[in-house]
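**Q** What follows is a protein structure lacking sequence information:
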């Protein structure tokens, strides 16, 4: 994708149809072991519609699971459960400025200053004719176990909320990464396919016509799909594989 953009970039600039900010692999910080890099991609069309749009460069590790003794809040008893999780680090990169004069804009909301990072993760279990929706949770006992295993101080989706760090250029050596983890419990081990939607990594929004003709607001989102070829017996995270590449979408 990056090579394709590099080849097309001069021609697209010439006709004024697209402006993209996405660090090339040479400029970008190299992913760490097992990390998947999701470039911060913003098109010229998006910048025309929303001049204050931003998107984060995201590095995420594969989906993993860990067995943890969790306390039942009602009975106080501990029970061994599998917690599914994704760790990530997100970096705010400097964008290319769109200098085209008198650019029209669509403003849905007044911009927040400074912008806030408020991540949300939704997992959809899609298997045959059924769909189950799970939101990530704050699970303190699992967070301790995950940080011990990963040897990193990841924050929950609540603790990581805060002002967006100042944007930095790739390779500047002064960047501040947002380090977080999404966690889920009670994930059906008999499902085969899982889709995770990650919002809060961009403030991009757009208005489209809904099925009934009424306008609806969509949010720029990272979509990742997983497939697991296993069953509920001897659950193994090695069975969870990324299906295709992560992508930016609006939903």
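**A** Structure received. Here the structure is a predicted model, which is why all the values come from computation and not from measurement.

**Q** Can you find the helix or strand in the protein with the smallest mean pLDDT?
**A** helix 2-15 (a mean of 38; mean pLDDT, DSSP states H and E).

**Q** Mind checking what helix or strand follows that one in sequence?
**A** Under the assignment DSSP states H and E, the closest C-terminal helix or strand after helix 2-15 is strand 36-38.

**Q** Check which residues of that next one are buried.
**A** Residues of strand 36-38 classed as buried by neighbour count (16 or more other CB atoms under 10 Å): 37-38. The C-beta positions use only the backbone N, C-alpha and C, and glycine is treated the same way.

**Q** Look up phi and psi at the residue most central in space within the chain.
**A** When CA atoms, centre = their mean is applied to the chain, the residue found nearest the centroid is residue 198 (4.0 Å). Backbone torsions of residue 198, given as degrees, to the nearest 10, read phi -120, psi 110.

**Q** what's the answer for residue 149, then?
**A** Given degrees, to the nearest 10, the pair of backbone angles that residue 149 has is phi -70, psi -40.

**Q** so how far is residue 38 from it?
**A** With distances taken as CB to CB, to the nearest Å, residue 149 is found 23 Å from residue 38.

**Q** measure residue 120 to residue 241 for me?
**A** From residue 120 across to residue 241, the span is 24 Å (CB to CB).

**Q** do residue 89 as well
**A** Distance from residue 89 to residue 241, by CB to CB: 22 Å.

**Q** Then residue 229?
**A** Distance, residue 229 to residue 241, using CB to CB: 8 Å.

**Q** Kindly report the same for residue 74.
**A** To residue 241, residue 74 is 36 Å away according to CB to CB.

**Q** Compare these two and say which one has the larger neighbour count.
**A** Taking neighbours as other CB atoms under 10 Å, residue 74 and residue 241 compare with residue 241 leading, 12 against 6.

**Q** And for the closest residue to that one other than its chain neighbours, the neighbour number?
**A** Leaving aside its sequence neighbours, residue 241 sits nearest to residue 227 (CB to CB, 6 or more residues apart in numbering; 5.5 Å). When neighbours are counted by other CB under 10 Å, residue 227 registers 14.

**Q** how about residue 227, what does it touch?
**A** 192-194, 240-241, 243 (CB atoms under 8 Å, 6 or more residues apart in numbering).

**Q** Mind doing that once more with 7 Å?
**A** Shown in contact with residue 227 (CB atoms under 7 Å, 6 or more residues apart in numbering): 192-193, 241, 243.

**Q** cool, residue 45 as well?
**A** Residue 45 makes contact with no residue under the criterion CB under 7 Å, 6+ apart.

**Q** Under a three-state scheme, what state does it occupy?
**A** Look at residue 45: counting by DSSP: H, G, I helix; E, B strand; the rest coil, its state is helix.

**Q** now do residue 75
**A** coil.

**Q** Let me know the pLDDT of it.
**A** pLDDT, residue 75: 88.

**Q** Then residue 114?
**A** So, for residue 114, pLDDT stands at 76.

**Q** One more: residue 20?
**A** For residue 20, the pLDDT comes out at 39.
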